[in-house]
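**Q** got a sequence here, can you model it:
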Amino acid sequence: MLEGLLAVGLAWVCFGSFGVPIKSEAVRAANVHPLVYQSYKTFWTFVTCWLTLAAGVEFRFSWWGLASGLAWVPAGVAAIVAVNHAGLALAQATWQIHIIAVRPTPPRLQHPHPHPQPLCSVRALRCGP
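**A** Next up, the predicted model:
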């Protein structure tokens, strides 16, 4: 249970902070193309994801992982463009709403792992800002 809570906390911090360097003076001055920035982000995500194996997690291949990876690059490029044009807060709030909106779809359409309480996503969407 503690490991799961730590993983959620780490994901919360990392997912919420990846867009901050996009607005840094160095990145803006270099005029980094969104695809280059996304490639850098994807490379380090790929490298660090293998650390879970060092923590003792069993490796299991899933075609859903490949499908997710194929969606990761265009979604990441769109997120980078959104941060550059709309700002970090507005862009992140918008894609979080989309994530919440997609969550109640039938789990078999998303991935094979069942969602424990699918109506929680609907409630969160209705109670949003």
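**Q** hang on, isn't P21 packed against R28?
**A** No: contact criterion Cβ atoms under 8 Å: P21 and R28 do not qualify, at 10.1 Å. Glycine gets a C-beta too; all of them are placed from N, C-alpha and C.
**Q** local confidence estimate at the residue located most distally from the centre of the chain?
**A** The outermost residue of the chain, judged against the average C-alpha position, is A29 (25.7 Å), by Cα atoms, centre = their mean. Note on A29: pLDDT of 92.
**Q** again with the one 4 residues further on
**A** Residue-level confidence at H33 comes out at 91, pLDDT.
**Q** that one: neighbour count?
**A** 11 (other Cβ atoms under 10 Å).
**Q** for Y40, see how far away it is.
**A** 11 Å (Cβ to Cβ, to the nearest Å).
**Q** packing partners for the longest helix anywhere in the chain?
**A** Longest helix in the chain, counting residues (DSSP state H): helix 63-86. The helices and strands touching helix 63-86, judged by 3 or more Cβ pairs under 8 Å, 6 or more residues apart in numbering; DSSP states H and E, are helix 34-49, helix 88-102.
**Q** all good on my end, thank you.
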